[in-house]
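Chemist: I'd like to go over a predicted model; first the sequence, then the structure.
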Amino acid sequence: MVPSALLQLAETAGQTPSESTQQAVGYPTLFVLVALGALVPVIPTGALVSTAAVVAFHQDALAFGLLLVFGVSALAAFAGDLALYWLGRRGVRSRNGSRWLEALRRRATPERLAQAQRKLDEHGVLVLVVSRLLPGGRIPVMLACLLAELPLRRFARGDAPACLAWAATYGLIGILGGSLFSDPWKGVVLAVALTLAVSAAPSLWRRARHR
């Protein structure tokens with residue numbers, strides 16, 4: 001589903017602005033995929049945002065398209081994070097927990113959870129901004145917030161700027177890819193490659209240090 005969506009964005013980037021907005025970028029589709037990506041980690045949300053930014057960069061209504069990509073992506077990430085946090089809080093309050101809380105526990109190693117808890121104690125919800133930008137950093141910090149029983153409203157105050165920074169970062173990657181090539185599909189390939197490299201860098205660094 002996700003690869004076909006990226007391919008569609010690349011193939012239709014040269015259409016007219018109205019067609020590209022409705023058929024290629026598909027802002028409602030972008031919103032749904034990014035929001036689901038906050039719940040299901042198999043969806044490459046960063047690559048989706050960068051690809052949408054490349055397409056918007058090659059439209060006539062450049063500023064408007066990029067602002068829409070930024071706004072939709074940030075709002076979708078925020079909605080997905082709040083939904084996941086709300087589901088996790090239900091597990092914390094429940095005697096038997098929940099599958100969502102257990103899924104979060106499985107995705108956070110004890111070492112990274114302990115580090116996230118220390119950062120949360122030191123910096124409060126501001127640590128959410130950094131965790132959103134670091135690949136693999138969002139879940140340990142969210143789990144630390146859940147175990148600390150932070151209210152949903154307080155979590156939202158820290159997560160809102162985190163989602164804005166996240167959307168801006170991957171949007172800039174897309175702008176970079178779009179500005180280097182006149183053919184939109186080449187910019188899409190570069191943007192996707194950069195986002196995948198950013199995502200893989202932390203795990204490769206940890207493996208290198210371990211060796």
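Modeler: Right, received. Where do you want to start? Numbering: from 1, shown residues only.

Chemist: just the helices from this protein, written as ranges.
Modeler: For the chain, the helices defined by DSSP state H cover 2-11, 17-19, 27-39, 45-57, 62-93, 99-106, 110-123, 127-133, 138-147, 152-180, 184-210.

Chemist: from those, which stretch is densest packed?
Modeler: helix 45-57 (a mean of 29; mean count of other CB atoms under 10 Å). Where C-beta positions appear, they are placed from N, C-alpha and C, glycine not excepted.

Chemist: still on that earlier bit, turn the helices of the chain into a markdown table, columns for mean pLDDT.
Modeler: What follows is these, written out as a markdown table (pLDDT from 0 to 100):
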| stretch | mean pLDDT |
| --- | --- |
| helix 2-11 | 48 |
| helix 17-19 | 47 |
| helix 27-39 | 91 |
| helix 45-57 | 88 |
| helix 62-93 | 89 |
| helix 99-106 | 79 |
| helix 110-123 | 89 |
| helix 127-133 | 89 |
| helix 138-147 | 91 |
| helix 152-180 | 91 |
| helix 184-210 | 65 |
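
Chemist: from residue 148, how far off is the closest residue to residue 172 other than its chain neighbours?
Modeler: With CB to CB, 6 or more residues apart in numbering as the criterion, residue 172 has its nearest non-adjacent residue at 7.8 Å, and that residue is residue 53. According to CB to CB, to the nearest Å, residue 53 stands 35 Å off from residue 148.

Chemist: and what of residue 195?
Modeler: Taking CB to CB, one finds residue 195 at 31 Å from residue 148.

Chemist: repeat for residue 75
Modeler: 26 Å.

Chemist: before we move on, what about residue 108?
Modeler: 14 Å.

Chemist: phi and psi next, for residue 109.
Modeler: phi -70, psi 150 (degrees, to the nearest 10).

Chemist: so who does it touch?
Modeler: By CB atoms under 8 Å, 6 or more residues apart in numbering, the contact set of residue 109 is residue 140.
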